[in-house]
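Asker: Got a sequence here, can you model it:
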Amino acid sequence: MSALSEIFTAAVAEGRSAFVGYLPAGYPTLEDSVELVTVLARYADLVEVGIPFSDPMMDGPTIQAAGTEALRNGFRVRDTFRVVEAVVAAGSAAVIMSYWNPVLQYGPEKFARELAAAGGLGAIIPDLLPEESARWSEACRANGLDNVYLVAPSTTPERLDMTVHAGGGFIYAQSHMGVTGAQEDVSSDAREVVARVRAATDLPVAVGLGVKSGDQAAAIADFADGVIVGSALITAAGRGAGALRDLASDLHDGVRR
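Answerer: The predicted model follows:
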């Protein structure tokens, strides 16, 4: 079992789910993002460090706006590793979440080496399909990183089986179709997706896309190994470290109810 998987199994052993929080590197500035992920890391079991991208086709308006601001303020891909280091220094664990193009342009092998050196445990690249990921998967294996894949309510049984056997660390289960963003209610599809994944693999399953409160986190924690929160944390971070701390604390408590 990898160090990334153990984050979830340790939480389950405590009778709870893991809290996974997402924030983009460089938002609103690099220095601010270091401060913000340090706050989040005090409450989250795992932090997804997002890499801002100029064409974020899978992201909702909140993540798009944050990424645009980070890029406008001078973010560069190499800055990602400083943010990862800040997460690890604060006592949490980190993975990156990115589109494939920034990693490809940086150099997959170089990126994997520097991510591992910064203390990162893996990567989530939603637009990189398993059948197209041989080069990246090899770079991950060479540096002890987990390549994490996503599944959705629309994923066919055949594709789900291929996906869960191609990845490592955990499986990221989307609770609804569409772009990212906080929702008033967590999709009823979430429980079914988790059940389907568990029937196909022993990897932990974390649910993301839509969570914005401790109450929603508690509802998902009832059936998933991890609860992933992104857009709501970015919105809170936009109001400052205090607002981020309040929401992160609520989510931290939510997965423990």
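Asker: Strands along the stretch 151-257 of the chain, start to end?
Answerer: With DSSP state E, counting those that start in this stretch, the ranges of strands along the stretch 151-257 of the chain come out as 171-174, 205-208, 226-229.
Asker: Sorry, slip of the keys, the one I care about is the stretch 1-150 of the chain.
Answerer: 18-24, 46-50, 93-97, 122-124, 146-151.
Asker: ok so, going back, go through the strands of the stretch 151-257 of the chain and pick out the most buried.
Answerer: Among the strands of the stretch 151-257 of the chain, ranked by average contacts under mean count of other CB atoms under 10 Å, first place goes to strand 226-229 (a mean of 29). Where C-beta positions appear, they are placed from N, C-alpha and C, glycine not excepted.
Asker: do you know which of the strands of the stretch 151-257 of the chain lies nearest residue 85?
Answerer: Across the strands of the stretch 151-257 of the chain, residue 85 has its closest neighbour in strand 226-229 (21.8 Å, CB to CB).
Asker: Report the mean confidence score over the closest one.
Answerer: Mean per-residue pLDDT for strand 226-229: 98.
Asker: The strands of the stretch 1-150 of the chain: which one's closest to residue 33?
Answerer: For the strands of the stretch 1-150 of the chain, the distance to residue 33 is smallest for strand 18-24, at 6.8 Å, taking CB to CB.
Asker: Distance from that closest one to the middle of the chain?
Answerer: Remark: strand 18-24 is offset 6 Å from the chain centroid, using CA atoms, centre = their mean, to the nearest Å.
Asker: partners of it in the sheet?
Answerer: strand 46-50 (parallel), strand 226-229 (parallel) (DSSP bridges).
Asker: Turn the strands of the stretch 151-257 of the chain into a markdown table, including distance to residue 214.
Answerer: Shown next, in a markdown table, are the strands of the stretch 151-257 of the chain (distance: least, CB to CB, whole Å):
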| stretch | distance to residue 214 |
| --- | --- |
| strand 171-174 | 20 |
| strand 205-208 | 15 |
| strand 226-229 | 10 |
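Asker: so which of those strands comes closest to residue 28?
Answerer: strand 226-229 (18.9 Å).
Asker: what does the closest one rub up against?
Answerer: Strand 226-229 is contacted from outside by 8, 11, 17-22, 45-46, 48, 170, 172, 204-209, 211-212, 217, 220-221, 251, 254-255, using CB atoms under 8 Å, 6 or more residues apart in numbering.
Asker: Next one: the nearest residue to residue 80 once chain neighbours are set aside relative to residue 44, how far apart?
Answerer: Among residues not flanking residue 80 along the chain, residue 25 sits closest, at 4.8 Å (CB to CB, 6 or more residues apart in numbering). If you measure residue 25 against residue 44 using CB to CB, to the nearest Å, the figure is 15 Å.
Asker: repeat for residue 109
Answerer: According to CB to CB, residue 109 and residue 44 sit 29 Å apart.
Asker: Quick check on those two: which one has the bigger neighbour count.
Answerer: The neighbour count for residue 109 versus residue 44, taken as other CB atoms under 10 Å, is higher for residue 44 (29 against 14).
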